[in-house]
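Chemist: for reference, the sequence and a predicted model appear below.
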Amino acid sequence: MSESSSAPRHPFTARMTRRRALSATGAGIAGLAAASLIGCSSNGPKTSTGGAPGAAVATANADEKPKSGGVLRYPMPKDPDSLDPYRLAFSTGGTWAAVNAYSRLFTLEPGVNKPATGKVIGDLAQSWEFADPTTLNIKLNPAAKYDAAAPLNGRQVNSEDVVQNWKRFEKDHYNRATTANSVNKDAPVISMTALDPSTVQVKLAFADGSLLGLLATDPWIMPIEGYQGKIDFQKEQRGSGPYLLDSYKQSVSVNWKRNPTWHGSNGGRPWNDGVTVQIIADQAQQEAQFRSKNLHWASVGLANIPPFAKELKDTEIAVGNPDVRSPLLGMSWLPSQPWNDIRVRQAVSMALNRDVLAEVVNGIKQFEALGVKLNVRWNAPIAGGYGAYWLDPKDTNKFGPASKWMQHNPAESKKLLEAAGFGASKPLEFDNVFAGVYYGQDWPTRVETMQSMFRDVGIKMNSVSVDYATEYIPKYYRSKASFEGKNTKAAVQFPPGGAQIDPLLYYRSFLAGNGASSQVGNKFPELDEKIRKAIGITNFDERVAALQDMQRYSTEQMIVIPVGPGIEGVDLVWKGLRGPQVFKPWTTTVPFGTAANMYMLPEYWFANGKGL
């Protein structure tokens, strides 16, 4: 699709009036919500016929018939924070484990040999309709069942399961402020109630074009027996998802086996017999295991993909969707912080050379030598992976005057710093607090590269690596932008920016004052009002315009300092696996080839039906 607002629309917004859409069976705001997710980029990876001997860019025969058998194997650097998804402090803490075992009401459709469109489809929801703009009725799939072991005994998932998990989500979940109106008056869902054993009614405070995207994220549906003391969710996974937990040995591996009665089977899925996630923190060890085919993908560091691709003849380079993560510098807004002066924020942004950072981190030229052309997209602050919603800061005509604050301009950066009272005798100094390699092995490299760029304009940035769970999340990331550094009071923190299903959800979660993971606190009430007004917009063109207006405002005010930059996801995959080189998620994920908001792994299969 084009990245302009003339991109093809979902039919309910392209050709139907809002009233007519609401009357359509199974569509209504659902159709409009699905439309709000469309906007994938056609400015994707390009391949050339050149390329070094031994390197291969992944291609796949769309007519291949899947074969059953074999166990998928990929690594994670640490254990899940908990097997209970409601006990996670953040999505990366373990949703990668939850998605294998548990279902949600909705999910997203993967792309096959092309980027996913963001189309919302039913998971537990077999059908749905809007009785009115603020009342959604959902019929559950009667084929959705739990495992055969006691105390579940293969029973159907019912509406009471949904209701009780909604109540737990509303009370305990880290992201509840994005969805639950009882927590945040700008969140849409008032309640979920059981009309009968197979029907759930969702009541809304207002119409919300992002609703189905929200319900494809939360709540996770777990059996009520766990809330009755019959199942320990911290030790067991007892869901209705595509896999059943087989074994878990801490710091070694998590193993799932195929769920033979999965309601999403659709002819035989999961095609594989199961999934093993090996817990391996060391990148070199991951790569050694990949060499021996004990791991199948998501194992080779980005810098090593080109040499490995040349050396390992049975591998191919998989290119995914454009990145939707938005790495940024989130500032502290305590009164004593230098960031309260907009000139300081703008100066730091102009000291960054985002194209150079992209080359240092991603080695783009090495991929070009292999015939893979990757595209650099600057965050603004949402990422280029959001297609038509994204406003390119390099396009000064469309972006407007605010684009200058994203350009690399050391001379202007120095002038702004001097005007703000900083110079050779009093340099700007601050700590950059980040979670080590938790968000990627390249995170320290990103920090070091920024340090060098800042040094060129007289800024001293201290690198401060802290533990993800005990320090970074509670003291910095979830501080509502109120924190101090360790070496100096002035500080920023460096998150990956998340990968929400919908770009408006990204703003609501990360950049609204009342967002679950707000990076700005209550500093920008004008932006809060823009977000509030956009929530009720269901027309695609109007949603695009609203999101692009937010991007101009965010960059003009430099509410966060976009770092980015984004490229397409890239990985090295063994050719015998028909996996991430074929099936594409809607949003970029870590690790590559997995997804927390849609089912990817059940689609994967081995060419020989056995494994590698």
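Modeler: Yes, it's here.
Chemist: in the protein, where's the longest helix?
Modeler: Longest helix in the chain by number of residues (criterion: DSSP state H): helix 540-557.
Chemist: and it, what other elements does it pack with?
Modeler: Contact partners of helix 540-557 among helices and strands, from 3 or more CB pairs under 8 Å, 6 or more residues apart in numbering; DSSP states H and E: helix 11-14, helix 28-36, helix 396-399, helix 503-506, helix 525-535. Quick note: C-beta positions are derived from backbone N, CA and C, even for glycine.
Chemist: the first one - what's its average pLDDT?
Modeler: The reference is to helix 11-14. Helix 11-14 shows a mean pLDDT of 24.
Chemist: with the longest one instead?
Modeler: Per-residue pLDDT values across helix 525-535 average out to 94.
Chemist: now do that helix: distance to the chain's middle.
Modeler: 22 Å (CA atoms, centre = their mean, to the nearest Å).
Chemist: need the CA coordinates for that helix. CSV is fine.
Modeler: The C-alpha coordinates for helix 525-535 follow below in CSV (Å, rounded to 0.1, in the frame of the first residue of the first chain):
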residue,chain,number,x,y,z
PRO,A,525,-2.5,18.9,28.0
GLU,A,526,-3.0,20.2,24.4
LEU,A,527,-1.8,16.9,23.1
ASP,A,528,-4.1,15.1,25.6
GLU,A,529,-7.0,17.0,24.0
LYS,A,530,-6.0,16.0,20.5
ILE,A,531,-5.8,12.4,21.5
ARG,A,532,-9.2,12.6,23.2
LYS,A,533,-10.9,14.0,20.1
ALA,A,534,-9.3,11.4,17.8
ILE,A,535,-10.6,8.5,19.8
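Chemist: buried residues of that helix, list them for me.
Modeler: 527-528, 530-531, 534-535 (16 or more other CB atoms under 10 Å).
Chemist: got those residues as JSON lines, with distance to Glu412 columns?
Modeler: Formatted as JSON lines, the buried residues of helix 525-535 follow (distance: CB to CB, whole Å):
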{"residue": "Leu527", "distance to Glu412": "25"}
{"residue": "Asp528", "distance to Glu412": "30"}
{"residue": "Lys530", "distance to Glu412": "27"}
{"residue": "Ile531", "distance to Glu412": "30"}
{"residue": "Ala534", "distance to Glu412": "32"}
{"residue": "Ile535", "distance to Glu412": "36"}
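Chemist: and the contacts of stretch 195-206?
Modeler: 105, 133-140, 142, 156, 158-160, 162-163, 181, 185, 187-194, 211, 215, 535-536 (CB atoms under 8 Å, 6 or more residues apart in numbering).
Chemist: same deal with stretch 163-171?
Modeler: So stretch 163-171 is in contact with 86, 176, 179-180, 182-183, 189, 191-194, 200, 218-222, 224, 227, going by CB under 8 Å, 6+ apart.
Chemist: could you rerun that using 6 Å?
Modeler: The contact list for stretch 163-171 (CB atoms under 6 Å, 6 or more residues apart in numbering) reads 86, 176, 180, 192, 194, 218-219, 221-222, 224, 227.
Chemist: stretch 240-256 too?
Modeler: 79, 100-103, 144, 146-147, 157, 237, 257, 259, 262, 270, 274-279, 599, 602.
Chemist: where do the strands sit along the stretch 151-300 of the chain?
Modeler: 189-196, 199-204, 243-249, 253-258, 274-279 (DSSP state E, counting those that start in this stretch).
Chemist: least trustworthy helix or strand in this protein by mean pLDDT?
Modeler: Of all helical and strand segments in the chain, the minimum by mean pLDDT, DSSP states H and E falls on helix 11-14, at a mean of 24.
Chemist: now stretch 421-438, how far from the chain's geometric center?
Modeler: Using CA atoms, centre = their mean, the offset of stretch 421-438 from its chain centre is 28 Å.
Chemist: adjust the sequence numbering to begin at 732 for everything that follows.
Modeler: Yes, from this point I'll number from 732; that puts the last item at stretch 1152-1169.
Chemist: quick one: mean pLDDT for that stretch?
Modeler: Throughout stretch 1152-1169, pLDDT has a mean value of 96.
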